[in-house]
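K.L.:
Here's a sequence, model it:
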Amino acid sequence: MHKWDILYIGGSYMCTAITFKTKDSYFGRTLDNPYSYEEQVTITPRNYSLKFRKRESIQKHFAFIGMAHLTKEYPLYYDGCNEKGLAIAALNFVGNAFFPKSEVGKENICQFEFIPYILATCKSIEEVLERLQNLLIIDEPFSKEFPTAELHYFISDAKRCITVEPQRDGLKIYDNPIGVLANNPPFPNQLFHLNIFMGLSNTNPNNTFSNQIDLKPYSKGMGAIGLPGDLSSPSRFVRASFVKMNSVSKKDELSSVSQFFHILASVDQQRGCCKTEEGAYEVTIYTSCMNLSKGFYYYTSYDNHQITRVSLFEEDLEDHLLVSYSLRLQEQIFIQNK
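P.N.:
Sure thing, here's the model as predicted:
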């Protein structure tokens, strides 16, 4: 299997996405895979001609920024946000995702076109929902080397978050009150799974085992005993939800971004913990964080924990050419006493 197949077929890669709000609204994700795809932070300006297979090109649209693999001058986006503060991420959904063939009378958008189409044309969740009423995300591969991936979608603006799941019995759209998404199972099952953990607390517990025995906490953090720590999708969903919903942060930009990366660090994958059938190891290739109002795209990579920022509004958004930045992959260590 070629390394590209894992991303575009949807082989074994995993990911977790969250929203977060302090003074501003933030959105981002981890992308976990054995391999990097030579991804780049990519800016699509307003006058870049967005081409589609089943509809006319869009010549003028909202500008947007996100992580993408560039091939044949076409950006295959994994996630991004636009100048209006709408964000979207695609997450693996193997075995459940289904993309039909095109239908007459529908707005037929290929799976690989969906992220740029939404970011180019919508400024809010309300507009996304309007678009989805007559839209089909269809099964037409980008190329022989890049077949259709099995994905579902996490979409948010500053006020509302939804999950979009293309399944065999139709396009499912769910409000996402937690602001968290992982991979399988379908989102309603992920959400229901939280019921098992309703007894978790960020404080030490009282003895409710029995009044016939004297039990006392012997360590800090015992309220969270039972919080799953494995790398499976259901466990990452629960862990990210618990950490996010109990998170406390200052409201300034630096504190908010720092806290965002701390939340997603709870679901990081370290090399050696998840071995694939091919003998490789899944790791968190990158973690992203977007400030939806300021157009900032922050990221870290597996071998570089320094947070790097690319700003949408620092570019000429009236241009017609893509702008891309290669990821900073080498660890940055500040030597304090030299």
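K.L.:
so who does Ser311 touch?
P.N.:
Contact partners of Ser311, counting by CB atoms under 8 Å, 6 or more residues apart in numbering, are 294-297. For glycine as for every other residue, the C-beta is placed from the backbone atoms N, C-alpha and C.
K.L.:
do Ser233 as well
P.N.:
Per CB under 8 Å, 6+ apart, neighbours of Ser233: 14, 182-185, 190.
K.L.:
got a markdown table for those, with neighbour count and pLDDT too?
P.N.:
Formatted as a markdown table, these follow (neighbours: other CB atoms under 10 Å; pLDDT from 0 to 100):
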| residue | neighbour count | pLDDT |
| --- | --- | --- |
| Met14 | 23 | 82 |
| Ala182 | 28 | 97 |
| Asn183 | 25 | 96 |
| Asn184 | 21 | 95 |
| Pro185 | 16 | 96 |
| Gln190 | 24 | 97 |
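K.L.:
Among these, which lie within strands?
P.N.:
Counting by DSSP state E, the part of the contacts of Ser233 found in strands is Met14.
K.L.:
ok, so of the contacts of Ser233, who is nearest Leu321?
P.N.:
Met14 (33.6 Å; CB to CB).
K.L.:
Show me the beta-bridge partners of the residue lying closest to the closest one once chain neighbours are set aside.
P.N.:
Using CB to CB, 6 or more residues apart in numbering and skipping the chain neighbours, the partner closest in space to Met14 is Asp32 (4.4 Å). Per DSSP bridges, the residues bridged to Asp32 are Met14, Thr284.
K.L.:
what number of residues lie near Glu145?
P.N.:
By other CB atoms under 10 Å, the residues close to Glu145 number 11.
K.L.:
sorry, back to before: tabulate the contacts of Ser311 (JSON lines), appending distance to Lys144.
P.N.:
Formatted as JSON lines, these follow (distance: CB to CB, whole Å):
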{"residue": "Lys294", "distance to Lys144": "40"}
{"residue": "Gly295", "distance to Lys144": "35"}
{"residue": "Phe296", "distance to Lys144": "37"}
{"residue": "Tyr297", "distance to Lys144": "31"}
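K.L.:
among the residues you listed, who's most crowded?
P.N.:
Tyr297 leads these on contacts (other CB under 10 Å) with 26 neighbours.
K.L.:
Can you give me the distance of the residue of the chain positioned farthest from its centre to Glu107?
P.N.:
Residue farthest from the centre of the chain, counting by CA atoms, centre = their mean, is Gln212 at 48.0 Å. Distance, Gln212 to Glu107, using CB to CB, to the nearest Å: 65 Å.
K.L.:
Select from the contacts of Ser233 every entry located in helices.
P.N.:
Gln190 (DSSP state H).
K.L.:
closest to Ala149 among the contacts of Ser233?
P.N.:
Once CB to CB is applied, the member of the contacts of Ser233 that ends up nearest Ala149 is Asn183, at 12.1 Å.
K.L.:
I figured the closest one hits Arg29, correct?
P.N.:
No - in this structure Asn183 lies outside contact range of Arg29 using CB atoms under 8 Å: 11.3 Å.
K.L.:
can you list residues touching both of those two?
P.N.:
15, 91.
K.L.:
The residue farthest from the centre of the chain: which element?
P.N.:
Using DSSP states H and E, Gln212 sits within no helix or strand.
K.L.:
One more: Ile137?
P.N.:
Per DSSP H and E: strand 135-138 holds Ile137.
K.L.:
Can you give the strand pairings for the helix or strand following that strand, parallel or anti for each?
P.N.:
For strand 135-138, the following helix or strand on the C-terminal side (DSSP H and E) is strand 151-156. When pairing is defined by DSSP bridges, strand 151-156 lines up against strand 87-92 (antiparallel), strand 161-167 (antiparallel).
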